[in-house]
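K.L.:
missing the sequence, but the structure's below:
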């Protein structure tokens with residue numbers, strides 16, 4: 001495991017036979033992820049894979065949509 005900086009995490013995970021990965025405890029703690037939570041997986045061939053809690057993305061969409069239109 002790499003040296004951790006507060007609010008950040010870097011590490012590796014191994015893909016199991018059934019395509020599953022284990023999210024490291026440090027990441028689960030950092031993002032308050034619990035069994036039963038729904039995560040959103042985003043993938044782009046050029047940019048890679050990102051995983052986020054679904055509510056984080058929905059909050060960002062709400063912020064974008066709630067901004068007032070310029071007059």
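P.N.:
Perfect, I can see it now. Treat the numbers as computed from the prediction; the structure is a model and nothing was measured. Residues are numbered from 1 along each chain as shown.
K.L.:
could you pick out the longest helix of the chain?
P.N.:
Of all segments of type helix in the chain, defined using DSSP state H, the longest is helix 54-66.
K.L.:
got the contact list for that one?
P.N.:
38, 39, 40 (CB atoms under 8 Å, 6 or more residues apart in numbering). (C-beta placed from N, C-alpha, C; glycine too.)
K.L.:
pretty sure the second one sits against residue 31.
P.N.:
No. Assessed by CB atoms under 8 Å, residue 39 is found out of contact with residue 31, at 9.2 Å.
K.L.:
shared neighbours of the two, anything?
P.N.:
In contact with both residue 39 and residue 31: residue 53, using CB under 8 Å, 6+ apart.
K.L.:
more neighbours: those two, which one.
P.N.:
A count of neighbours by other CB atoms under 10 Å puts residue 31 above the other of residue 39 and residue 31, at 16 against 12.
K.L.:
what's the separation between the closest residue to that one other than its chain neighbours and residue 67?
P.N.:
Once flanking residues are discounted, residue 31 sits nearest to residue 53: 6.0 Å by CB to CB, 6 or more residues apart in numbering. With distances taken as CB to CB, to the nearest Å, residue 53 is found 22 Å from residue 67.
K.L.:
more neighbours, those two?
P.N.:
residue 53 (15 against 8).
K.L.:
partner residues bridging the residue most central in space within the chain?
P.N.:
Ranked by distance to the mean C-alpha position of the chain (CA atoms, centre = their mean), the top residue is residue 52 at 2.3 Å. Residue 52 forms beta bridges with residue 40, as assigned by DSSP bridges.
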